[in-house]
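Colleague: fold the stuff below for me.
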Amino acid sequence: MAKNVKETGSRVDEPTGTEFVGHEWDGIEELNTPLPRWWLLTFYACIIWALGYTVVYPAWPMVNSATKGLWGWTSHGQLEQDIKSQTAKRAPIVAAIGATPIEQLAAKPELMNAAIEGGKAAFKVNCVQCHGSGAAGSKGYPNLNDDDWLWGGDLTAIHYTIENGIRNPDHPQTRQSQMPAFDGVLTPAEISAVVAHVRTISGQRKADGLSQKGAALFANNCAVCHGADGKGGRQVGAPNLTDGIWLYGGDTETITETVRKSRQGVMPRWGHKLDAATINMLAAYVHSLGGGEATPAPQEVAASNVERK
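Modeller: Prediction:
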């Protein structure tokens with residue numbers, strides 16, 4: 001490659017007319033090729049834009065905050081505006097859902113559908129911690145997708161449970177049931193017999209002498225709440241022991257622990273934390289999950305209220 005020296009003394013690459021930088025590595029030298037003009041103009045424009053951005057928008061961090069910018073815009077402020085806008089847009093239908101008695105909600109399909117969607121969002125905020133994101137529950141927390149209900153699965157019953165909770169000692173209207181702990185009331189052998197009977201009527205073992213003995217003990221100690229056939233009683237929140245659905249588990253060890261020590265699970269009441277519309281929405285959503293029951297006729301509701309009294 002031919003090389004010459006300009007009047008300034010710099011060495012120049014003859015084919016390109018570009019000066020050499022002066023570096024050399026193993027005979028390889030670097031040309032001082034200038035940056036394209038379009039690239040330089042773009043670079044300078046970005047610098048000017050960045051300076052303008054830091055003047056107009058919040059940018060520079062300070063000790064306790066950041067510069068506010070000439071426009072005073074913030075992402076938090078924009079979010080608040082968007083939330084207010086959406087809240088105002090939803091206000092009429094939310095107010096209508098809150099003003100509609102829960103037993104009448106299903107008769108208004110538009111409101112019911114809106115309530116289900118709203119309840120789905122409210123469930124993710126207030127209920128998934130115990131019942132899970134899919135409402136399938138876990139040990140000690142009921143699955144809301146099935147059709148097994150302790151106090152009833154119609155809209156009115158679900159609404160009452162959400163509003164008043166279960167076993168809240170500070171609230172007289174709460175759902176209340178109390179299974180006694182039979183440890184000390186029954187001997188270990190008698191408890192084993194009762195467990196054998198429960199597992200027999202739930203189809204988990206064949207009847208034998210032990211389960212027959214347990215049947216007599218069950219009739220004297222358990223049938224008052226669970227019924228003579230073990231199918232439970234919603235008036236007192238007693239579970240059905242004949243199906244395959246278990247809140248804590250249906251194996252021998254778990255049932256034995258339940259009989260010996262009892263279970264006293266608590267669900268918080270939401271009536272003093274959530275507004276009427278949100279409670280209606282939650283009731284509608286839970287009812288829609290697959291196990292919701294038809295709303296009882298007025299005379300059935302009245303009869304149920306009499307039984308509770």
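Colleague: quick one: average confidence on the lengthiest helix in the chain?
Modeller: Secondary structure assigned by DSSP state H gives helix 75-99 as the longest helix of the chain. Mean pLDDT, computed over helix 75-99, is 94.
Colleague: by contact count, what packs against that helix?
Modeller: Here helix 75-99 touches helix 109-126, helix 276-288, going by 3 or more Cβ pairs under 8 Å, 6 or more residues apart in numbering; DSSP states H and E. Where you see a C-beta, it was placed from the backbone N, CA and C, and this is true even at glycine.
Colleague: out of those, indicate the one that is most buried.
Modeller: helix 276-288 (a mean of 24; mean count of other Cβ atoms under 10 Å).
Colleague: and the contacts of the one helix or strand residue 38 maps to?
Modeller: Per DSSP states H and E, residue 38 falls inside helix 37-56. Outside of helix 37-56, the residues within contact range by Cβ atoms under 8 Å, 6 or more residues apart in numbering are 59, 60, 67, 69, 70, 71.
Colleague: if we go to 7 Å?
Modeller: With contacts defined as Cβ atoms under 7 Å, 6 or more residues apart in numbering, helix 37-56 is touched by 59, 60, 69, 70, 71.
Colleague: once you drop chain neighbours, what's closest to the first one?
Modeller: Among residues not flanking residue 59 along the chain, residue 67 sits closest, at 5.8 Å (Cβ to Cβ, 6 or more residues apart in numbering).
Colleague: swap in the last one?
Modeller: The spatially closest residue to residue 71, leaving aside those adjacent along the chain, is residue 56, at 5.3 Å (Cβ to Cβ, 6+ apart).
Colleague: check what pLDDT the one you found gets.
Modeller: At residue 56, pLDDT is 93.
Colleague: and if you look at residue 244?
Modeller: 87.
Colleague: work out for me the element it sits within.
Modeller: Using DSSP H and E, residue 244 falls outside every helix and strand.
Colleague: distance of it relative to residue 226?
Modeller: Distance, residue 244 to residue 226, using Cβ to Cβ, to the nearest Å: 16 Å.
Colleague: picking that back up, got CSV for the helices and strands packed on helix 75-99, with distance to residue 265 too?
Modeller: Shown next, in CSV, are the helices and strands packed on helix 75-99 (distance: least, Cβ to Cβ, whole Å):
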stretch, distance to residue 265
helix 109-126, 17
helix 276-288, 17
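Colleague: what number of residues lie near the residue nearest to residue 168 when sequence neighbours are not counted?
Modeller: Closest residue to residue 168 apart from its sequence neighbours, by Cβ to Cβ, 6+ apart: residue 174 at 4.1 Å. Neighbourhood size, residue 174 [other Cβ atoms under 10 Å]: 20.
Colleague: how near is residue 174 to residue 263?
Modeller: Residue 174 is 16 Å from residue 263, by Cβ to Cβ.
Colleague: residue 123 now?
Modeller: On the measure of Cβ to Cβ, residue 123 and residue 263 end up 24 Å apart.
Colleague: now do residue 232
Modeller: Counting by Cβ to Cβ - residue 232 and residue 263 are separated by 14 Å.
Colleague: put the alpha carbons of stretch 259-278 into PDB.
Modeller: The C-alpha trace of stretch 259-278 is given here as PDB (Å, rounded to 0.1, in the frame of the first residue of the first chain):
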ATOM      1  CA  VAL A 259     -62.800 -36.300  65.500                       C
ATOM      2  CA  ARG A 260     -60.300 -36.000  68.400                       C
ATOM      3  CA  LYS A 261     -59.500 -32.300  68.100                       C
ATOM      4  CA  SER A 262     -62.300 -30.800  66.000                       C
ATOM      5  CA  ARG A 263     -61.800 -28.100  63.400                       C
ATOM      6  CA  GLN A 264     -62.500 -24.400  63.900                       C
ATOM      7  CA  GLY A 265     -61.700 -22.700  60.600                       C
ATOM      8  CA  VAL A 266     -62.400 -19.000  60.300                       C
ATOM      9  CA  MET A 267     -63.400 -17.000  57.300                       C
ATOM     10  CA  PRO A 268     -63.300 -13.200  57.800                       C
ATOM     11  CA  ARG A 269     -66.400 -11.200  57.400                       C
ATOM     12  CA  TRP A 270     -66.300  -8.700  54.600                       C
ATOM     13  CA  GLY A 271     -69.500  -6.700  55.300                       C
ATOM     14  CA  HIS A 272     -67.500  -3.900  57.200                       C
ATOM     15  CA  LYS A 273     -64.600  -3.900  54.700                       C
ATOM     16  CA  LEU A 274     -66.200  -4.000  51.300                       C
ATOM     17  CA  ASP A 275     -69.100  -2.000  49.800                       C
ATOM     18  CA  ALA A 276     -72.500  -3.500  48.900                       C
ATOM     19  CA  ALA A 277     -71.600  -3.600  45.200                       C
ATOM     20  CA  THR A 278     -68.300  -5.500  45.700                       C
END
